[in-house]
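Enquirer: let me see the structure of the following:
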Amino acid sequence: MKYILIILLVLFFSFLGYGSYLNSEVAKSGDKWIGIGVLIIAFGIMPLFILHRYKKSKLKEFLNSQLDKNREKSENQ
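Expert: Below is the predicted model of the structure:
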C-alpha cells in the first residue's frame with residue numbers, strides 16, 4: 001500500500017510538472033495534464049491514504065467511548 005501511494009504521488013507531481021511546463025510554452029495547453037493530476041490526488045491518493053492510516057486503528061473503541069460519554073451527559077442532565 002505504501003509503495004502504491006508513493007507511485008501515485010510521483011505520478012501526480014509528474015503530471016503537474018508536465019502541465020506547468022506546457023502552460024509556460026503555449027497558453028492553456030497543459031491544463032488537461034494538471035487536471036488529470038488533480039483527479040489522481042482526489043480520487044486516488046486521498047482515499048488510499050485514509051485507508052492506509054486507519055487500517056490498524058481501533059475506531060470501534062473510539063466510537064463506543066464517545067457514545068458512552070454522550071449517554072452519561074444526557075443521563076446526568
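
Enquirer: ok, which stretches of the protein are helices?
Expert: 2-25, 31-40, 46-53, 59-76 (DSSP state H).

Enquirer: can you tell me the centre-most residue of this structure?
Expert: In the chain, the centroid-proximal residue (C-alpha atoms, centre = their mean) is residue 46; its distance is 1.5 Å.

Enquirer: one step back: need the helices of the chain in CSV (columns: mean pLDDT).
Expert: Shown next, in CSV, are the helices of the chain (pLDDT from 0 to 100):
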stretch, mean pLDDT
helix 2-25, 92
helix 31-40, 92
helix 46-53, 88
helix 59-76, 68
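
Enquirer: wait, residue 37 touches residue 12, no?
Expert: Yes - Residue 37 is within contact range of residue 12, at 4.9 Å (criterion: C-beta atoms under 8 Å). For the C-beta atoms, the positions are set from N, CA and C on the backbone; glycine is no exception.

Enquirer: give me the number of residues near residue 47?
Expert: Look at residue 47: counted by other C-beta atoms under 10 Å, it has 10 neighbours.

Enquirer: repeat for residue 33
Expert: 19.

Enquirer: residue 20 now?
Expert: 14.

Enquirer: give the contact list for it.
Expert: Each residue near residue 20 by C-beta atoms under 8 Å, 6 or more residues apart in numbering is listed here: 30, 34.

Enquirer: please report phi then psi for residue 54.
Expert: phi -100, psi 10 (degrees, to the nearest 10).

Enquirer: distance-wise, check it relative to residue 18.
Expert: 32 Å (C-beta to C-beta, to the nearest Å).

Enquirer: please say which of those two ends up with more neighbours.
Expert: Between residue 54 and residue 18, counting by other C-beta under 10 Å, residue 18 is the more crowded of the two (15 against 10).

Enquirer: was I right about the more buried one contacting residue 33?
Expert: Yes - using C-beta under 8 Å, residue 18 is in contact with residue 33, at 5.1 Å.
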